[in-house]
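Engineer: Model the structure of this input:
(chains A, B, C and D)
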Number of protein chains: 2
Amino acid sequence: MHLIGARETVRNQLAAMRLKDLAEHLGLSQTTVSRALNGYPEVNEATRLRVAETAERLGYRPNASALRLATGRSGAIGLVLRGAEELGPHMSEFLAGMGGRMATEEIDILVTTVDSYQDEVAAYRRIAASQKVDAIVLHSPKVVDERVKLLKDLRIPFVLHGRTNIGETVAWLDIDNTGAVERATGHLLDLGHRRIALLNGIKGRTFAEHRELGYLAALSARGVPFDAALMSNSVFTDEAGFRLAQSMLQMDSPPTAFMAGSMMTALGVFRAIRQAGLTLGRDVSLIAHDDVFPYLNADNMFPTMSTTRSSIRQAGTRVAELILQILGGKKIDDVHELWPVELVLRESTGPAPQNVTR
Amino acid sequence: MHLIGARETVRNQLAAMRLKDLAEHLGLSQTTVSRALNGYPEVNEATRLRVAETAERLGYRPNASALRLATGRSGAIGLVLRGAEELGPHMSEFLAGMGGRMATEEIDILVTTVDSYQDEVAAYRRIAASQKVDAIVLHSPKVVDERVKLLKDLRIPFVLHGRTNIGETVAWLDIDNTGAVERATGHLLDLGHRRIALLNGIKGRTFAEHRELGYLAALSARGVPFDAALMSNSVFTDEAGFRLAQSMLQMDSPPTAFMAGSMMTALGVFRAIRQAGLTLGRDVSLIAHDDVFPYLNADNMFPTMSTTRSSIRQAGTRVAELILQILGGKKIDDVHELWPVELVLRESTGPAPQNVTR
DNA sequence: GAGAAATTTGAAATCGCTTTGAATAGCCCT
DNA sequence: AGGGCTATTCAAAGCGATTTCAAATTTCTC
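Structural biologist: Numbering: from 1, shown residues only, chains lettered A, B, ... in the order given. Alright, predicted model coming up:
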């Protein structure tokens, strides 16, 4: 019993080491240890070395909550997802990109899932009021997205992945959906296609509207009238792609080419074409938008798939970078990036078939 | 100037409201307000009502960091992902399930991405030392997984999604991979198939080993010898499925049936079968494991796909629940769940073709 | 070698919450 | 009226870090 010094409280061996413990261990004040660890200049180099070495050896890490309380920064950035719809392959790729960049800064990503738009608004309010995150990634914007206003009112820094027309300055990163689809559609038109189907994303989402703009622009540039029956809006699933393509192929005057909004959609279209007894790349052409999923490679398809390509993972990485810049003080007026989209032609596109009689 | 009371410090309007502000506003002490908000019994019901109403009206939310520091609980659970490989469709479904359950408890999910196993270990140490999370979800275990030991040493509660043979008691939830594959393989054997390919997951992962066990058990039960050339291990991608199925179909004695480890794999197999000029469900049979992705429905395929089915999203929800139970004091010895897997027969399976001469 | 300047360290305040222990007020009894 | 309870409320002490301000020590400068 008396072997244990009474002056010093004996902490549970299992409890994590605190700054105080480390300081006592070193015979220094908490102040000095803290400074040494955080690279302040006013600490003796020999001391700093000793502190760093001991901290490392003892596995000391500042308590995250205490650090956050003291500094006011939470060391995390928030991502609110509408569980069912949004946490799909696109988001996980984006997340992977973001995570990669944030990991090097020891910043975590706080994922909150919600069920409805109302819940989403509530979640933002909650996150803001409780100061859980330093910034937010806003995504999947609608053409007019009130969430932007909300976040601005809440005074929480954020970067928008996509664009919106809300008349407020926001930091954003987006890909040139209009240009991509315009070019792809133009290419199909040049190949002689006149009936081109557009399997677009959910109505109201900015990217979907942008794609529609590009589609219409290409048609109108070549004086080809558009047919609303060839334009559809839905989620990007294999199933929707199949269903839509199937019904369009049964039209009196079916499309000879498809523009699929995602690789998932393309898989369904693919299937519908085959089921109709047609051959992709000969009877029917297909260009899909490729967000570059590592597990679904356009080059490895049969036939290989022509795509408009833009890595959503890279976008995630860059958005993370932009957030760091903003947290570092950069003005959001200067944070706008529009990424070009490649058009990669492969085997799924070919000249329009001559005898349209089927 | 003198209109502003000098006694009370004027806080920036923009700064979030603190408990102190709320208390002053109410003319009560922080203690009472805190208690009222947290449902302690020793506070007058009228007071509680008034506090609750005012807090709500003013949008007060306790500062997360302060709350965490004071209570010692972080209100978050951790998920470490090896970015590139792991953050795919499976994980995002699992995450969606977890998130749904955690959201109702106002618990967040802290996602950390890492690049290597070493980084992963470092990440766990960091997370533990900085007390960022109350618990961890450990996933994708290997047959012998040292991460279990690490987390136990770190004394951080966790639930394992899957199983491992490390000789330590851990809380886990897993699906009956062995049983599922055994039954599916048995069914194919009953249909007369003798050359059945197994496109399994990555070697060393417990679930892959379990599936192999089931496969071998079914074969041996019917006295059918196994052929190592029909067993493969790889990631669950469309591409790998295609490549493996394609090469197997070119064997002298090709398989007449495939067991695909995931829907992604199945898509590739599907393609290889078609490319070989064969018809799925007639010339070749296919059973895929279906984790139930909302965007890839076995029922909507053509032909519809026979599957072993188990919702990974539900698993996520349940794992979240188990974590909550453990944090609530439940002994980990009592937390083990083995979920049965359905075998759903659809059109992609049929009797083995009679004339094997091709 | 004395005083000024620079370097290095430390005590204590602070961040915003919870919680312990004490104080006050109200009520019932005898 | 005073003692004993119970019901409420509050002041102050943590939680574990950072940071301000002051003190102690060393190094210059002349």
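
Engineer: quick one: low-confidence ranges for the stretch 51-200 of chain A?
Structural biologist: Across the stretch 51-200 of chain A, the ranges flagged by pLDDT under 70 are A:84.

Engineer: Show me which residues of it are close to DNA strand D?
Structural biologist: Neighbours of DNA strand D within the stretch 51-200 of chain A, by Cβ under 7 Å from any atom of the strand: A:R61, A:P62, A:N63, A:A66, A:L67, A:L69, A:A70, A:T71. In this view, the C-beta of every residue, glycine as well, is placed from N, C-alpha and C.

Engineer: how does it look with 6 Å?
Structural biologist: A:P62, A:N63, A:A66, A:L67, A:L69, A:A70, A:T71 (Cβ under 6 Å from any atom of the strand).

Engineer: for the stretch 201-350 of chain A, what spans make up the helices?
Structural biologist: A:206-221, A:238-249, A:263-275, A:312-327 (DSSP state H, counting those that start in this stretch).

Engineer: and the ones you listed, which is most packed in?
Structural biologist: helix A:263-275 (a mean of 25; mean count of other Cβ atoms under 10 Å in any protein chain shown).

Engineer: Report all helices and strands that that helix contacts.
Structural biologist: Packing partners of helix A:263-275 (3 or more Cβ pairs under 8 Å, 6 or more residues apart in numbering or on different chains; DSSP states H and E): helix A:238-249, strand A:257-260, strand A:285-290.

Engineer: what is the orientation angle of the longest one with helix B:263-275?
Structural biologist: When you say that, I think you mean helix A:238-249. 40 degrees (axes from the mean of the first three to the mean of the last three Cα atoms, to 10 degrees).

Engineer: which residues are in contact with helix A:238-249?
Structural biologist: A:197, A:199, A:229-230, A:232, A:234, A:254-255, A:258, A:260, A:264-273, A:275-276, A:278, A:284, B:295-297, B:300-302 (Cβ atoms under 8 Å, 6 or more residues apart in numbering or on different chains).

Engineer: Alpha carbons only: can I get it in CSV?
Structural biologist: What follows is helix A:238-249 as a C-alpha-only set of coordinates in CSV (Å, rounded to 0.1, in the frame of the first residue of the first chain):
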residue,chain,number,x,y,z
ASP,A,238,-30.2,-0.7,-64.0
GLU,A,239,-33.9,-1.3,-63.6
ALA,A,240,-35.0,2.2,-64.7
GLY,A,241,-32.7,2.0,-67.7
PHE,A,242,-34.1,-1.3,-68.7
ARG,A,243,-37.7,-0.3,-68.4
LEU,A,244,-37.3,3.0,-70.2
ALA,A,245,-35.2,1.6,-73.0
GLN,A,246,-37.6,-1.3,-73.5
SER,A,247,-40.6,0.9,-73.8
MET,A,248,-38.9,3.3,-76.2
LEU,A,249,-37.7,0.4,-78.4
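
Engineer: any idea how far A:T113 is from the nearest residue to A:G97 once chain neighbours are set aside?
Structural biologist: Excluding its sequence neighbours, the residue lying closest to A:G97 (Cβ to Cβ, 6 or more residues apart in numbering or on different chains) is A:G316, at 2.5 Å. Taken as Cβ to Cβ, to the nearest Å, the spacing of A:G316 relative to A:T113 amounts to 18 Å.

Engineer: Check A:T104 too.
Structural biologist: According to Cβ to Cβ, A:T104 stands 26 Å off from A:T113.

Engineer: before we move on, what about A:R155?
Structural biologist: In terms of Cβ to Cβ, A:R155 sits 24 Å off from A:T113.

Engineer: same check, this time on A:D299
Structural biologist: Noted for A:D299: a distance of 34 Å to A:T113, by Cβ to Cβ.

Engineer: The stretch 51-200 of chain A against DNA strand C: which residues are in contact?
Structural biologist: Residues of the stretch 51-200 of chain A lying near DNA strand C (Cβ under 6 Å from any atom of the strand): A:L69, A:A70.

Engineer: In the stretch 51-200 of chain A, what residue spans correspond to strands?
Structural biologist: All strands of the stretch 51-200 of chain A, identified by DSSP state E, counting those that start in this stretch, fall at A:76-82, A:108-114, A:135-139, A:158-161, A:171-175, A:196-200.
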